[in-house]
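1. can't give you the sequence, but here's the structure:
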């Protein structure tokens, strides 16, 4: 399976970027090829000017086009996904997600932002052609505590929800448990 992940966080050490990468580690056995797009690392001028001809932007759009699974991770700010992610999604062709499986992931300060996945992000994914959207996973800051060695430690309930969302992608012979993998990364 070809997987492309998109991190829409403007922060280098964000919980949503970590959760996006962690989801990829849960799929290591089924991923044939993975690509990661950190939108914050794309050229700002090209993003803001919607310059799809910029080589870095064209490469990122191509990575989405080649993917079978697209993981979209974002922090939630003021009940909406990150503006940085919106700028990138606006560069994608109208049917960029048609025929692909999409996993939306989000983090936020409190459960009050939980519905932003359903009311803000999923409609945009649908507008881009996504018809097979896996159960979204939302994590609060309290569910992803900083680890002293770097990264985050997910709460057991978060691991269960993430594994449940990923279950349709895993071979039936490979059940996962929340404690199966190390949580540090």
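-> Received the coordinates, thanks. Only a predicted model underlies this, so the values are computations on that prediction, with no experimental measurement involved.

2. could you list every residue that touches the residue nearest to residue 47 when sequence neighbours are not counted?
-> Beyond its immediate neighbours in the sequence, the residue positioned closest to residue 47 (C-beta to C-beta, 6 or more residues apart in numbering) is residue 87, lying 4.9 Å away. Every C-beta, even on glycine, is put in place using the N, C-alpha and C of the backbone. Going by C-beta atoms under 8 Å, 6 or more residues apart in numbering, residue 87 touches 39, 47, 48.

3. Okay, and the second one sits in which element?
-> Per DSSP states H and E: residue 47 is located in helix 44-48.

4. need the next SSE after whichever helix or strand residue 102 is part of, C-terminal direction.
-> Residue 102 is part of strand 101-108 when elements are defined by DSSP H and E. The C-terminal neighbour of strand 101-108 among helices and strands, as given by DSSP H and E, is helix 116.

5. mean confidence for that next one?
-> Mean per-residue pLDDT for helix 116: 91.

6. got it, and stretch 170-184?
-> Stretch 170-184 carries an average pLDDT of 52.

7. Let's verify residue 149: helix, strand, or coil?
-> Classification of residue 149 into helix, strand or coil gives coil, according to DSSP: H, G, I helix; E, B strand; the rest coil.

8. Which residues belonging to the strand holding residue 102 are considered buried?
-> Under the neighbour-count criterion of 16 or more other C-beta atoms under 10 Å, strand 101-108 has 101, 102, 103, 104, 105, 106, 107, 108 buried.

9. same for it, what does it pack against?
-> In terms of contact count using 3 or more C-beta pairs under 8 Å, 6 or more residues apart in numbering; DSSP states H and E, strand 101-108 is assigned the packing partners helix 15-26, strand 69-77, helix 122-127, strand 132-133, strand 137-140.

10. Just checking: what are the partner strands of it?
-> Paired with strand 101-108 in the same sheet, following DSSP bridges, are strand 69-77 (parallel), strand 132-133 (parallel), strand 137-140 (parallel).

11. out of those strands, deepest packed?
-> Each of the strands paired with strand 101-108 was scored by mean neighbour count; the highest is strand 69-77, a mean of 26, by mean count of other C-beta atoms under 10 Å.

12. Run through who's touching the helix or strand following that one.
-> If you walk from strand 69-77 toward the C-terminus, the next helix or strand you reach (DSSP H and E) is strand 80-81. Residues lying outside strand 80-81 but in contact with it, judged by C-beta under 8 Å, 6+ apart, are 8, 74, 75, 106, 116, 120, 121, 124.

13. Strand 80-81 pairs with which strands?
-> Pairing partners of strand 80-81, with direction, according to DSSP bridges: strand 69-77 (antiparallel).
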